[in-house]
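S.K.: Here is my input; please provide its structure:
(one chain, ligands or ions: 2)
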Amino acid sequence: MSIHLFQISLTQLQGVGPQKAEELHALGISTVGDLIEYYPFRYEDYRVREMHEIKDGERITIQGTIASLPTMQRFGGKTRLICRVTVESMLVTAVWFNRAFLKEQLTPGREITLTGKWEQRRRQMTVADSEFPDKGGAKTGTLQPVYSVGGSLTQASIRKMINQALIQFGALIPEILPAELLEKHALLPRRSAITRIHRPENTLEGQEARRRMVYEELFLFQLKLQAYRATHMKQADGLVHPVNNEEIRQFVSRLPFELTGSQKQVINEILHDMKQPYVMNRLLQGDVGSGKTVVAAVGLYATVKAGHQGALMVPTEILAEQHTRSLGAMFEPYGIQVGLLTGSLTERKRRDLIASLQMGLLDIVVGTHALIQEDVYFRSLGLVITDEQHRFGVNQRSILRRKGMNPDVLTMTATPIPRTLAITVFGDMDVSTLRERPKGRKPIKTYSVKHNMMDRVLGFIRKEAEQGRQTFFICPLIEESEKLDVQNAIDLHMQLTHALPELAIGLLHGRMNAAEKEATMATYAAGETNVLVSTTVIEVGVDVPNATLMIVMDADRFGLSQLHQLRGRVGRGEHQSFCILIADPKSENGQERMKAMTDTDDGFEISRRDLEIRGPGEFFGTKQSGMPEFRLANLVNDFEVLEQARDDAAALTASESFWSSQSYKELRDNLNRDAKQQTEPLD
Ligand code: ADP
Ligand code: MG
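M.R.: Ligands and ions are numbered 1, 2, ... in the order given. Now for the predicted structure:
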């Protein structure tokens, strides 16, 4: 029987009594195992540098010979100790604050190592730390770990305790990764990795140790997810949709366009899931304009053909209406009925609609949040689709799902994130990705301009209108004030009406009622208005292929993903499209976003930048509370490792021997041990 490090109490360490143990408790460290796995977040460099390579303001270590007797000054209860030191034949001034006790030790001719902040102009160092080589100089030449500490605990004291733990119990650190994975990725054994992460000999060694532990952290996390899926997700209690491939082929062949290879592939993935007895839980991610709606349509068609009903939930009424129109047209030849359920239906219409859903007279319903109200029932809900999922909370999605008996679930998003991240964030979902855009689409040309270029912008609108194309003009966003947003839209509409008297200019904002909004959208979609001035109500989903110019006023007020969504309203047809971002060049942060927008129109790249700019926490928002916290791994920098870890974990959990063989016992035990991350299924 091996003694488990997580069962050894801290007071077993030499030099650690109840009080020190208490201080460690405050950091969440309660056993020797916890202490050993309490990793530094950076290192302080005590390696001696040469004078020619050091820069002003740097924290550095230099070595020299004391050249003068020290002088001491007192001021307001404090002391300043000053001494000259010869370093590589250069005379430098060393200054200590409140280190009066050093005075006796600073004898001319003695060697000394100084660490601190360098001031080039005065050739002076404010010394944070100094050592005498003749007394050993333990830190000199090393990288010292820096831990996150609080309270009365000091770096020196936690370093000492961790060191002690490694000396007394280091030999008990078990290997938990399978030998084949260590070999495959050339990873350090666990014991040396942990030892070196606390006490690296050099930078490279620290990096290698970190690489090993990051891999382990991500691998264990993935192993939990995969093991969860293997045991829970594939339970055979879902609907089996018998899918007739011939019928699907016919449906697809009557579409007005040929599906892209990507669309065909994800449709296959979805239909495959629908045929199986387990519950489909799939995320479909595709950049704006990649053609997700038609993929959803094929799924809906399949569920209706199998005798069930389908529901499509979207975040805005405008989008619900648009989808109802386009799906209605697609399904009309097949006698499939599509209904619309939003908050602005009259009570009577609403009651009729709910009744037909309940009786099974309606095959497909498209709607907003109104779909998840309590009195909405289905006769037999087979497929639930959520479009633009980032606009919904986890709860809202699962309420809709519970309106059926384990219906299949498809979640669509136009905020594509790297697959690995998607898998991490949406832990329990399978992920399908639309990589290509439909044939013939030209990249959207994007420009960032200043406000004083308005005349040229107007000229651009005129030019597009002359060629029969249309423009969206988005008003500035006033955070938290819909009223001001609306006022902006009204003002801008008036200005444009004056400036472009020959054009028809529409206006759309959130304070209009549903009928007004619908009429405005319909006129614009029919090509009867040249320009649509709008607030961000059209941000997601809106599809008018003849619109080729997107102008965003005060673009620096918008987030990167939001700008990309807005831009995605154009470039949806065969014509060259443009996006003009009117931004304040003085907004520093804004310029970073404008640069990302003008650099690329690839949604994956945009979300990578967004993630980089905002960091994972903000990027995913609070809705995705299942976002794991890692100790060492960083989801932005450690993408590739995460991907690798995922594949390895998937392969391992799929193998019979993982569940039975003695050699995987450590790993299986680890699944049960409550790791620091929560991996609850999100939905
Ligand atoms: P999104 O992924 O942003 O929801 P949509 O489903 O709205 O994209 O599709 C964008 C536009 O592209 C629509 O006008 C749609 O009819 C069209 N479209 C979709 N798939 C194809 C295709 N394979 N070939 C040509 N046009 C397509
Ligand atoms: Mg869409």
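S.K.: so where does the residue nearest to residue 120 when sequence neighbours are not counted fall, helix or strand?
M.R.: Using Cβ to Cβ, 6 or more residues apart in numbering and skipping the chain neighbours, the partner closest in space to residue 120 is residue 56 (3.6 Å). Every C-beta, even on glycine, is put in place using the N, C-alpha and C of the backbone. Counting by DSSP states H and E, there is no helix or strand that carries residue 56.
S.K.: Pretty sure residue 56 sits against residue 117.
M.R.: No. At 9.5 Å, residue 56 does not count as touching residue 117 under the criterion of Cβ atoms under 8 Å.
S.K.: between these two, who's got more neighbours?
M.R.: Each of residue 56 and residue 117 has its neighbours counted (other Cβ atoms under 10 Å); residue 117 has more, 14 against 9.
S.K.: Could you name the helices and strands sitting against the helix or strand where that one lies?
M.R.: Residue 117 belongs to strand 111-119 when assigned by DSSP H and E. Helices and strands touching strand 111-119, by 3 or more Cβ pairs under 8 Å, 6 or more residues apart in numbering; DSSP states H and E, are strand 59-66, strand 124-131.
S.K.: nearest to ligand 1, of the ones you listed?
M.R.: Closest to ligand 1 of the helices and strands packed on strand 111-119 is strand 59-66 (Cβ to the nearest ligand atom; 50.1 Å).
S.K.: The closest one: how far from the chain's middle?
M.R.: Here strand 59-66 is found 44 Å from its chain centre; the criterion is Cα atoms, centre = their mean, to the nearest Å.
S.K.: can you check stretch 343-351 too?
M.R.: Computed by Cα atoms, centre = their mean, the chain-centroid distance of stretch 343-351 equals 38 Å.
S.K.: contact partners of that stretch?
M.R.: 317, 341, 353, 368, 369, 370, 513, 514, 515 (Cβ atoms under 8 Å, 6 or more residues apart in numbering).
S.K.: So among the residues you listed, where is pLDDT lowest?
M.R.: Scanning those for pLDDT, the smallest score is found at residue 514, 84.
S.K.: Count the neighbours of it for me.
M.R.: 15.
S.K.: Tell me the residues of the stretch 301-450 of the chain that contact ligand 1?
M.R.: Contact residues, the stretch 301-450 of the chain versus ligand 1 (Cβ under 6 Å from any ligand atom): 414, 438.
S.K.: redo that, cut-off 5 Å
M.R.: Applying Cβ under 5 Å from any ligand atom, we find that the stretch 301-450 of the chain lies next to ligand 1 at residue 438.
S.K.: Please enumerate the helices of the stretch 301-450 of the chain.
M.R.: Ranges of helices within the stretch 301-450 of the chain are 317-331, 347-359, 394-401, 419-425, based on DSSP state H, counting those that start in this stretch.
S.K.: What residues sit buried inside the third one?
M.R.: Okay, so that is helix 394-401. 394, 396, 397, 399, 400, 401 (16 or more other Cβ atoms under 10 Å).
S.K.: quick one, what contacts the residue of the stretch 301-450 of the chain found nearest ligand 1?
M.R.: With Cβ to the nearest ligand atom, the shortest gap between the stretch 301-450 of the chain and ligand 1 falls at residue 438, namely 3.3 Å. Counting by Cβ under 8 Å, 6+ apart, residue 438 makes contact with 257, 260, 289, 290, 291.
S.K.: quick one: contacts of stretch 159-171?
M.R.: So stretch 159-171 is in contact with 5, 8, 12-16, 20, 24, 32, 35-36, 38, 144-145, 147, 191, 194-195, 198-199, going by Cβ under 8 Å, 6+ apart.
S.K.: Stretch 202-217 now?
M.R.: Identification of contacts with stretch 202-217 by Cβ under 8 Å, 6+ apart yields 39, 43, 143, 176-177, 185, 187-188, 190, 192-197, 200, 630-633, 638, 641, 644-645.
S.K.: What of stretch 63-71?
M.R.: For stretch 63-71, contacts defined as Cβ under 8 Å, 6+ apart pick out 48, 81-88, 91-92, 102-103, 106-114, 133, 140.
S.K.: So which bits of the chain are right by ligand 1?
M.R.: Contact residues (Cβ under 5 Å from any ligand atom) of the chain with ligand 1: 257, 259-260, 288-293, 438, 543, 545, 572.
S.K.: switch the cut-off to 6 Å
M.R.: Near ligand 1, when you scan the chain using Cβ under 6 Å from any ligand atom, you find 257-260, 263, 286, 288-294, 414, 438, 543, 545, 572.
S.K.: quick one: low-confidence parts of this protein?
M.R.: Within the chain, the stretches with pLDDT under 70 are 1-3, 231-236, 390-394, 418-428, 478-480, 615-629, 673-683.
S.K.: Check it for its longest helix and report it.
M.R.: helix 203-228 (DSSP state H).
S.K.: which parts of it are buried?
M.R.: Applying 16+ other Cβ under 10 Å to helix 203-228 flags 205-206, 208-228 as buried.
S.K.: wait, what's in contact with the residue of the stretch 51-200 of the chain found nearest ligand 1?
M.R.: Here the residue of the stretch 51-200 of the chain nearest ligand 1 is residue 185; by Cβ to the nearest ligand atom that distance is 36.7 Å. By Cβ under 8 Å, 6+ apart, the contact list for residue 185 reads 215, 644.
S.K.: and the gap between it and residue 643?
M.R.: 12 Å (Cβ to Cβ, to the nearest Å).
S.K.: ok, for residue 24, nearest residue in space, not its chain neighbours?
M.R.: Residue 24's closest residue in space is residue 10 (Cβ to Cβ, 6+ apart), at 5.8 Å.
S.K.: Could you report the neighbour count for residue 386?
M.R.: Neighbour count for residue 386, taken as other Cβ under 10 Å: 25.
S.K.: isn't it right next to residue 397, touching?
M.R.: Yes. Between residue 386 and residue 397 there is a contact under Cβ under 8 Å: 5.4 Å.
S.K.: List the residues that contact the closest residue to residue 40 other than its chain neighbours.
M.R.: Nearest residue to residue 40 in three dimensions, chain neighbours excluded: residue 145, at 3.3 Å (Cβ to Cβ, 6+ apart). Going by Cβ under 8 Å, 6+ apart, residue 145 touches 40, 43, 44, 159, 162, 197, 198, 199.
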